[in-house]
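Colleague: A structural model of the following input is requested.
(2 chains)
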Amino acid sequence: MRILVVEDDLTTQQFLQRALTEQGYQVDVASDGQQGLFFALEHDYQLIVLDRMLPKLDGLTVLSTLRSANKTLPVIILSALDSVDERVKGLREGGDDYLVKPFALAELLVRIEILTQRQRGQLDSQTNTLQVADLSMDLLARRVWRGQQEIQLQPKEFKLLRYLMEHAGQVVTRTLLFEAVWNYDFDPQTNVIDVHVARLRKKVELDGLSPLLETVRGVGYRMVAQ
Amino acid sequence: MVLAHYLKPYVAWVTGWWRNNHRASSVWRLTRLYTGLLMLVVGILLWVLYQLSVGQLGRSQSQQLSQLVQQQQLLAEELNQQDFISQFTLQAKQSKQFVLAYSDGNTTYGRLASIPKRAKTCPRLARFPVYNYNEIRLFSGCVQSLSNGQLLVATDDEALFDLRELFLQASMVALALALGLGLMTGWFFSAQVLRRVNSFNHIAQQVEAGELSARVPIGPRNDEFDHMAKHINKMLAQVEHSFQAIAGVTDAVAHDLRTPLSRLRLRIEQALLDVEHQDIGAKQLAQMLAELDQILSTFTAMLELTRLEQHQQKSSFKAVDLATVAEDAIELIQPLCQDRQQNLQLTILQPCTISGDATLLFRAIYNLLENASKYAGEQSDIELMINGDGFALNDTGPGIPEEETDKVFQRLYRLESSRNSPGYGLGLPLVRAIIRLHGGEIKLENNRPGLRVAVTF
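Modeller: Got it, this is the predicted structure:
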């Protein structure tokens, strides 16, 4: 899997390159907008990590040029501009995700993983049921079973579990969970999401049954693979 | 040309003065306008007066003359030349007010020796001097061609002429007075008005130079200028307050970020030593990361607060139902409250929809709920009430001392009693900034016992 990192700050660039290479991605780097755009048009990438403030050609211009050249690959925008307006602008130009600097490397890796996964698998949207080990979820009836035993969930708990099951095998961060379940775009900065996950876990991992949800320290959670 | 030469220095002086006093140009413009109008009014009045008095006399005079001409014309047509001349001579002798003369080319009959050259053809009147009964007087009259000669009719115009001259002089004096009066009063009043404007200018310059404590003087009359002055002073007070707040924040930032930064520095220093002894652990690094995250989030919150206070995000405003937002926030906080055995309740007295940013409102309500849960203590009651014009949050915790209710909205301010709990003193300022961005106001009241946070939009 090939990823392009367009970033003018050398330290950040090197860090990203190293971290992504360690994750098994093939990484190309560009240090300005012009070079980035050239690379993106020349080669076939699965994803682009794009800084907003770039020399020669700013990130948003690169993005809109790519989009008008019919390049539909996912793009994660990195930016120090974090107001809601800036975020909306970035997503409107065709960005698939927007991460504000400074960001946690783990958060970026999780988001890259989710975006490339989406691109590759295009999650089967036809299914009405989700299944992870012996945990099953009926999306239409909004019911959940562990083996034969039905589990009663609050609406938000249902949404939370659904998101985790849809991304089974992947790490999801607290911020991602919060955005997916509550639909508000910010970082609550507290352990409140942990409390919600702990409650969900208590309901799902009934006595004596194998744990399905693991905590990834410093990052978030992962539901075991299907 | 000679005149222009003499006037040159005066013109130069006037234009120089004009340029130096350019800022007073509004005064001058208003004065000119006012004076111009005054003179126009006086001019019209004088013209009407003239028409009704002197003008009337002049018109009746020329009417008499033309009647006389018509009469002689008739006679000249009816009588033969000789009879006409004798008749004419008789009439010319008898008439005192009018001067009549008739010339058949050779002889001039009547009271004049010849027809004056300045006389014009009727009905155009001309003025000429006549030696009449031992004195020279001004007559005005005209010449009419008859079949066999020229007829002159004229009437004594001296009185009317004098009257006209007098009227003209009087008018000139009146206009000059109007000019002087207009200039004086116009200048006085516009200078009065503009002095106020200039005082505003002066203050603006002072503020521009950085003197934020400057205030526009407010007069006792409570007029439009005083209103404006009040508004400007209010604005300046707000600006000054913001400036002081920023200065205060700089100090607070220096203090509150320096402490964790120096802790972090110590940790890194220690880690470097540990590397030498090869026993640095993941735990140490995790601690550093946590420390750094704390610093970064304080920083982010401060930036955010500043941006909110600058009222920048209104473009994303939509209709937001407060009850929906409140329900979401309660769903988020509920598990925390349950862990603390707190009774959390939402009461919707009346639905409330405002134009706003759902995420920001969610944050505000969630922050308040989080505060209530954190500080109200275990087994307390927390109630969020939505009413028609906002919401209120009541708890039965220890509340906040009355004298502290304003201070908790200051950035980085922490109550003595909460110094040791996590947080960095930006929650309530952020809430207030959000509420204010939505045009609302937030108040902390005593719930007896506990705290009541009232928000009205």
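Colleague: how many other residues sit next to B:I268?
Modeller: By other CB atoms under 10 Å in any protein chain shown, the residues close to B:I268 number 14. All C-beta atoms are positioned from the backbone trio N, CA, C, and that covers glycine.
Colleague: check which helix or strand covers it.
Modeller: helix B:224-276 (DSSP states H and E).
Colleague: Ok, B:L65 next?
Modeller: With DSSP H and E as criterion, B:L65 is part of helix B:54-78.
Colleague: so where is the chain shaky, pLDDT-wise?
Modeller: No chain specified, so I'll use chain A. A:82-85, A:118-126, A:188-190, A:207, A:226 (pLDDT under 70).
Colleague: Correction: the question concerned chain B.
Modeller: B:1-3, B:17-25, B:132-133, B:249, B:252-253, B:255-256, B:278-280, B:311-315, B:411-425.
Colleague: Around chain A, pick out the residues from it.
Modeller: B:286, B:289, B:296-297, B:300, B:303-304, B:307, B:312-313, B:315-316, B:328, B:331-333, B:335-336, B:339, B:357-359, B:362-363, B:366, B:370 (CB under 8 Å from any CB of the partner chain).
Colleague: 6 Å instead?
Modeller: Listed as neighbours of chain A in chain B under the rule CB under 6 Å from any CB of the partner chain: B:L296, B:S297, B:Q313, B:S316, B:E331, B:P335, B:L336, B:T359, B:F362.
Colleague: The fourth one reaches B:A358, doesn't it?
Modeller: No: in terms of CB atoms under 6 Å, B:S316 does not count as a neighbour of B:A358; the distance is 9.1 Å.
Colleague: Looking at the two, which has the bigger crowd around it?
Modeller: B:A358 (20 against 15).
Colleague: wait, isn't the more buried one in contact with B:V320?
Modeller: Yes: with contact defined as CB under 6 Å, B:A358 reaches B:V320; the gap is 4.9 Å.
Colleague: so who does A:R146 touch?
Modeller: With contacts defined as CB atoms under 6 Å, 6 or more residues apart in numbering or on different chains, A:R146 is in contact with A:L135, A:L206.
Colleague: what's the answer for A:G59, then?
Modeller: So A:G59 contacts A:L50, A:D51, A:R52 (CB under 6 Å, 6+ apart).
Colleague: Likewise for A:G147?
Modeller: By CB under 6 Å, 6+ apart, the neighbours of A:G147 are A:D134.
Colleague: who's in contact with A:K56?
Modeller: A:D32, A:G33, A:Q34.
Colleague: Any quick PyMOL command for the buried ones out of those?
Modeller: The buried residues among the contacts of A:K56 can be selected in PyMOL (16 or more other CB atoms under 10 Å in any protein chain shown) with this line:
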select buried, chain A and resi 32+33+34
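Colleague: For B:F409, the count of nearby residues, please.
Modeller: 15.
Colleague: Once you drop chain neighbours, what's closest to B:D395?
Modeller: In this structure, B:D395 finds its nearest non-sequential neighbour in B:A376, 4.1 Å apart by CB to CB, 6 or more residues apart in numbering or on different chains.
Colleague: Look up how far chain A lies from the one you found.
Modeller: 16 Å (CB to the nearest CB, to the nearest Å).
Colleague: burial count for that residue?
Modeller: The burial count for B:A376: 23, using other CB under 10 Å.
Colleague: for B:P335, what are its contacts?
Modeller: Contacts of B:P335 (CB under 6 Å, 6+ apart): A:V195, A:H196, A:R199.
Colleague: Going by neighbour count, list what's buried in the strand or helix carrying it.
Modeller: Using DSSP H and E, B:P335 falls within helix B:322-339. The neighbour-count criterion (16+ other CB under 10 Å) identifies B:322-323, B:325-337 as the buried residues of helix B:322-339.
Colleague: Following that helix in sequence, what is the next regular element?
Modeller: Downstream of helix B:322-339, the next assigned helix or strand under DSSP H and E is strand B:343-348.
Colleague: Would you mind getting the angle between that next one and helix B:322-339?
Modeller: Per axes from the mean of the first three to the mean of the last three CA atoms, to 10 degrees, the angle that strand B:343-348 makes with helix B:322-339 is 170 degrees.
Colleague: What strands flank strand B:343-348, and is each parallel or antiparallel?
Modeller: strand B:381-387 (parallel) (DSSP bridges).
Colleague: which stretch of helix or strand covers the closest residue in space to B:G182 that isn't next to it in sequence?
Modeller: Ranked by CB to CB, 6+ apart and with sequence neighbours excluded, the top spatial neighbour of B:G182 is B:T35, at 3.3 Å. Per DSSP H and E: B:T35 is located in helix B:25-52.
Colleague: before we move on, what SS does the closest residue to A:Q152 other than its chain neighbours have?
Modeller: Nearest residue to A:Q152 in three dimensions, chain neighbours excluded: A:K203, at 7.7 Å (CB to CB, 6+ apart). Using DSSP: H, G, I helix; E, B strand; the rest coil, the structure places A:K203 in helix.
Colleague: ok, how many other residues are close to A:K203?
Modeller: 15.
Colleague: That one touches A:I151, doesn't it?
Modeller: Yes: between A:K203 and A:I151 there is a contact under CB under 6 Å: 5.5 Å.
Colleague: one step back: what's the overlap in contacts for B:A358 and B:V320?
Modeller: With CB under 6 Å, 6+ apart, B:A358 and B:V320 have no common neighbours.
Colleague: all helices for chain A, in order.
Modeller: For chain A, the helices defined by DSSP state H cover A:10-22, A:33-42, A:59-68, A:84-92, A:105-121, A:155-166, A:174-182, A:192-204.
Colleague: so B:A319, which of the three states?
Modeller: Strictly by three-state DSSP, B:A319 counts as strand.
Colleague: and it, what are its bridge partners?
Modeller: Under the criterion used here (DSSP bridges), B:A319 is bridged to B:S355.
Colleague: Could you measure from it over to chain A?
Modeller: Taking CB to the nearest CB, one finds B:A319 at 16 Å from chain A.
Colleague: ok, and the most crowded of the contacts of A:G59?
Modeller: A:L50 (28 neighbours).
Colleague: Contact partners for that residue?
Modeller: A:V6, A:G59, A:V75, A:I77.
Colleague: quick one: it and A:Y25, what's the gap?
Modeller: According to CB to CB, to the nearest Å, A:L50 and A:Y25 sit 15 Å apart.
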